[in-house]
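K.L.:
All I have is the shape, not the residue letters:
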DNA sequence: CTCCTGGACTTAAAGGTTTTCGGAAACGTA
DNA sequence: TACGTTTCCGAAAACCTTTAAGTCCAGGAG
């Protein structure tokens, strides 16, 4: 730990100029002779001078810092968004102040105050699900962008994955493989994600004039439920030839249980998962065809729009971003696997 | 987005006092009459005044902000540490500035400069493995604490999980169950974690006077390698009755392959994993007995010691923190499962 | 010679808060 | 009345940087 930090004053003294000249030299402004600039730069290097961002921020009103307020401690959604946001900021020298509210509204309020008092230039709020959440932007002096979990207020800016479209895409993929007895297993119905994905299934099947195999099975997002649902489904609808699962965990459970009951995946039953959670999707056998929600893209987009909102104008509303179908072995056409 | 933010000046004007008095009233200082304080507080509330942390930090030299510099984009280790740190800071109103270097040294340098210019009070550096990493603390004006990946410089403060002790604990658990033919499958030998865990195995077995079943199998950390290693091991050492795996992924792969070869877990072969990565450890069948590295505790401890280092004195050196064995079905005594 | 131009540099203000120190009022005592 | 003490409050400096405005000087044009 070195001693006191050098200020621009020290640099100016060492270079034998005023602090104004030093400032101009350091910031590449014009009214400075080349020789003088060089002297200042040398002095700054010698003292390893770092401009004080607080003083700069105090003056300019811009801190080049944004807050990221998340609710999902586990980081399942927050992390990719954070990475995407960092990506978008990266070159621009932005920094991210990260707060985790852990689903607690009063802790969220607390963090919000802390961020505001630190004068962040903007805020990204990441939800723990795609269910709309209370707006936080009321009377806030900085722009806010919602990622993954949209704001209830349509006047806010929100970015969410296109669950409906992605589910339709998954089902269309199964249809293109010639499968016609398609079932759907998903998570709790109080998740908008589950309802949206079901809606996508319904649309795709309706468009193709195909009947869904059995009712949609709603449970939880776990592997255990995937196994349980598989047992029920294979009993009730033994002739199914494809299943679209609402999460990779459910899909992994389904595959395991189906195999134990003598059904081969993908030959007898093709399986599509959701999330592209790689520890599951690439490691299970067969590797899972699954929907990737492009969360990093979501984060990047949110960050870019936060930029736009900061210095220009925002585009209010809930924007849906396309997902991507990652095709792996669990839906290989017969004979290819 | 509301208009301009209220300053302490506005509060003072509204309350009809000077800014000095307003400051004292807001900060709970003594020399201000109760009635006056109340007037100031009311004015602050009416204007929803938030003190400007930049101005305060500029004056006091303390920003109540720490930087967290991580290298593992995926967040496998960084996130729990972050949570633990937030926990330790939480009440104290600290904020965390998060940067991800993504394993790139020059990006790390870049982030470091950014954090320093923002005048963070301290730094936590999270490694992507327990391999010692180059020190970053040389001539830094703020204290640094290393978590998970220790610094190469013994003068720095580092906190790492006790891999050796944890592996010994796992093996002792297997020995206590009466298992005597214990094998070890782990990750790449260039990981210190793999070597440390192997060392723990060796010690525990030596202490019990038991011979290890076969050589330690080094591969990668994946489920695929777990399956592959299982095949090799069951061929070479068919009579094994326990396996200690260097990760939950390896363990999950082993269990799957072993079952396919007709070995029952835990009746024929008891299995212990490592990491307590819950999506694997609780969801596989049987649920995995595994080592939890207590990463949140690690983060909390690192944060607490950063506090100590900030305002007092640090305790240099590499500190190992105990891990915990989480016992589940994969090591149930026969007849219990 | 004066006036102007433009370049190179300096002075000073501003940004919001905390803190030190001094001042003023009120009150009690001589 | 003069003086000391206590209580409350205000003026101003300090933190560090940027920038608008001002100064000074050399050199060119008239």
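P.N.:
Received the coordinates, thanks. Every value quoted in this text rests on a predicted model; they were computed, and no experiment measured them. Numbers count the residues shown, from 1 in each chain, chains lettered A, B, ... in the order given.

K.L.:
all contacts plus neighbour counts: C-alpha atoms, from now on.
P.N.:
Noted.

K.L.:
Leaving out sequence neighbours, find the closest residue to the residue in the stretch 101-250 of chain A that DNA strand D sits nearest to.
P.N.:
Nearest residue of the stretch 101-250 of chain A to DNA strand D: residue A:118, at 15.1 Å (CA to the nearest atom of the strand). In this structure, residue A:118 finds its nearest non-sequential neighbour in residue B:53, 5.0 Å apart by CA to CA, 6 or more residues apart in numbering or on different chains.

K.L.:
Now do the same for the residue of the stretch 101-250 of chain A closest to DNA strand D: its pLDDT.
P.N.:
Looking at residue A:118, its pLDDT stands at 95.

K.L.:
what's the neighbour count on it?
P.N.:
For residue A:118, the neighbour count with other CA atoms under 10 Å in any protein chain shown is 27.

K.L.:
looking at it, it is touching residue B:55, isn't it?
P.N.:
No. Contact criterion CA atoms under 8 Å: residue A:118 and residue B:55 do not qualify, at 9.6 Å.

K.L.:
what's around the residue nearest to residue A:118, how many residues?
P.N.:
20.

K.L.:
Next up, the contacts around it.
P.N.:
Residue B:53 makes contact with A:117-119, B:63, according to CA atoms under 8 Å, 6 or more residues apart in numbering or on different chains.

K.L.:
is it possible to export the residues you listed to TSV including distance to residue B:40?
P.N.:
Output for the contacts of residue B:53, formatted as TSV (distance: CA to CA, whole Å):
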residue	distance to residue B:40
A:117	19
A:118	22
A:119	22
B:63	25
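
K.L.:
and the residue nearest to residue A:118, how far is that from residue B:96?
P.N.:
Computed as CA to CA, to the nearest Å, the residue B:53 to residue B:96 distance reads 14 Å.

K.L.:
which residues touch stretch A:311-318?
P.N.:
By CA under 8 Å, 6+ apart, the list of residues contacting stretch A:311-318 reads A:150, A:154-160, A:305-306, A:308-309.

K.L.:
what about 10 Å?
P.N.:
Outside stretch A:311-318, the residues that touch it by CA atoms under 10 Å, 6 or more residues apart in numbering or on different chains are A:121, A:143-147, A:149-160, A:305-309.

K.L.:
List buried residues within the residues you listed.
P.N.:
Buried subset of the contacts of stretch A:311-318 (neighbour count, 16 or more other CA atoms under 10 Å in any protein chain shown): A:121, A:143-147, A:149-151, A:153, A:156-160, A:305-307, A:309.

K.L.:
mind listing which of these are in strands?
P.N.:
Among the buried ones among the contacts of stretch A:311-318, DSSP state E puts A:144-147, A:157-160 in strands.

K.L.:
Near DNA strand D, which residues of chain A are found?
P.N.:
Residues of chain A that fall close to DNA strand D, judged by CA under 7 Å from any atom of the strand: A:5, A:7-9, A:19-21, A:23-24, A:26-27, A:50-53, A:55-56, A:59-60.

K.L.:
Just the buried subset of those residues, please.
P.N.:
A:7-8, A:19, A:21, A:23, A:26, A:50-53, A:55.

K.L.:
How far does the helix or strand where residue A:184 lies sit from its chain's centre?
P.N.:
Assigned by DSSP states H and E, residue A:184 belongs to strand A:182-186. On the basis of CA atoms, centre = their mean, to the nearest Å, strand A:182-186 sits 25 Å off its chain's mean C-alpha point.

K.L.:
same question, stretch A:260-274
P.N.:
How far stretch A:260-274 lies from its chain's middle: 29 Å, per CA atoms, centre = their mean.

K.L.:
Repeat that for stretch A:196-216.
P.N.:
Using CA atoms, centre = their mean, the offset of stretch A:196-216 from its chain centre is 27 Å.

K.L.:
orientation of the worst-scoring helix or strand of chain A on mean pLDDT relative to helix B:78-90 in degrees?
P.N.:
Sorted by mean pLDDT, DSSP states H and E, the helices and strands of chain A end with helix A:78-90, the least confident at a mean of 81. Taking axes from the mean of the first three to the mean of the last three CA atoms, to 10 degrees, helix A:78-90 and helix B:78-90 form an angle of 90 degrees between their directions.

K.L.:
what packs against helix A:78-90?
P.N.:
Applying 3 or more CA pairs under 10 Å, 6 or more residues apart in numbering or on different chains; DSSP states H and E, we find helix A:78-90 packed against strand A:65-70, strand A:95-100, strand A:122-126, helix A:295-311, strand B:95-100, helix B:105-117.

K.L.:
I'd like to know which of these is closest to residue A:333.
P.N.:
helix A:295-311 (28.6 Å; CA to CA).

K.L.:
and the closest one with strand A:65-70, angle?
P.N.:
Using the same axes, to 10 degrees: helix A:295-311 against strand A:65-70 is 130 degrees.

K.L.:
Can you classify the closest residue in space to residue A:128 that isn't next to it in sequence as helix, strand or coil?
P.N.:
Among residues not flanking residue A:128 along the chain, residue A:72 sits closest, at 5.0 Å (CA to CA, 6+ apart). Judged by DSSP: H, G, I helix; E, B strand; the rest coil, the three-state class of residue A:72 is coil.

K.L.:
Residue A:72 and residue B:311, how far apart?
P.N.:
Taking CA to CA, one finds residue A:72 at 32 Å from residue B:311.

K.L.:
again, but for residue A:163
P.N.:
50 Å.

K.L.:
who's more crowded, these two?
P.N.:
residue A:163 (26 against 10).

K.L.:
that older thread, now the least confident helix or strand of chain A: how far from the chain's centre is it?
P.N.:
The answer for helix A:78-90 is 8 Å, by CA atoms, centre = their mean.

K.L.:
Likewise for stretch A:174-183?
P.N.:
In terms of CA atoms, centre = their mean, the centre of stretch A:174-183 is set 30 Å apart from its chain centre.

K.L.:
May I see the buried residues of that stretch?
P.N.:
So, applying 16+ other CA under 10 Å, buried residues of stretch A:174-183: A:174-175, A:179-183.

K.L.:
and residue A:289, what is it in contact with?
P.N.:
Taking CA under 10 Å, 6+ apart, one finds A:170, A:244, A:248, A:251, A:270-274, A:276, A:281-282, A:325-332 in contact with residue A:289.

K.L.:
before we move on, the earlier item: would you check which of the ones in strands among the buried ones among the contacts of stretch A:311-318 are in contact with chain B?
P.N.:
For chain B, the contacts drawn from these by CA under 10 Å from any CA of the partner chain are residue A:144.

K.L.:
Since that was my last question, I'll sign off now.
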